[in-house]
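A.B. asks: fold the following.
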Amino acid sequence: MSSFDDDFSAAAVADLLEVYGESVTIYPKLGAARTVSAIIDRNPPARMSSGGQMVTPRLGVELLDSSTLGLSSAEAQGNGNDRIRVDPRTPGGTNLQTLGLYLPGGGDGGDWCGGGMITLEAM
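C.D. replies: Predicted structure coming up:
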């Protein structure tokens, strides 16, 4: 990480999670389940996969890059192997839902970690 990433991680990430975060449960493939704070985007943009298919994730998820307070980039498996349990917060949606976590763009490039946070898609 760069010095900017270190400074941002130390100062701003905690504030972002405090203001915009909500409680979710992460089920990493390579670790124990834990309840953490995450920023959830319930209207993420559609994208094109490397195979040319239109993909619309159900949620965008930003987590602290941490193996105890979020999901570390070192343990993130992508491809739905890690799971997240989140409140749908949609009209009529009262049940929690568990979704698979994926690397943005199917893991075929892009910046998905930095500044103390990792960004994933939930489907």
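A.B. asks: least trustworthy helix or strand in this protein by mean pLDDT?
C.D. replies: Lowest mean confidence among the helices and strands of the chain (mean pLDDT, DSSP states H and E): strand 113-114, at a mean of 70.
A.B. asks: could you list the low-pLDDT ranges of this protein?
C.D. replies: Scanning the chain for pLDDT under 70 picks out 1, 8-10, 90-94, 105-112.
A.B. asks: grab the most central residue of it for me.
C.D. replies: The residue lying closest to the centre of the chain (Cα atoms, centre = their mean) is residue 61, at 3.0 Å.
A.B. asks: from residue 97, how far off is that residue?
C.D. replies: Using Cβ to Cβ, to the nearest Å, one obtains 13 Å as the distance from residue 61 to residue 97. Heads up, the C-betas are built off the backbone N, CA and C, glycines and all.
A.B. asks: identify the contacts common to the two.
C.D. replies: Common neighbours of residue 61 and residue 97, counting by Cβ atoms under 8 Å, 6 or more residues apart in numbering, are residue 86.
A.B. asks: re earlier: so how far is residue 102 from the residue nearest to the centre of the chain?
C.D. replies: Distance of residue 61 to residue 102, given as Cβ to Cβ: 10 Å.
A.B. asks: assumed the residue nearest to the centre of the chain was part of a strand.
C.D. replies: Yes. Residue 61 forms part of a strand when assessed by DSSP: H, G, I helix; E, B strand; the rest coil.
A.B. asks: what sits against the closest residue to it other than its chain neighbours?
C.D. replies: In space, and not counting its chain neighbours, residue 61 is closest to residue 120: 4.7 Å by Cβ to Cβ, 6 or more residues apart in numbering. Neighbouring residues of residue 120 by Cβ under 8 Å, 6+ apart: 60-63, 71, 76, 78, 82, 101-104, 112.
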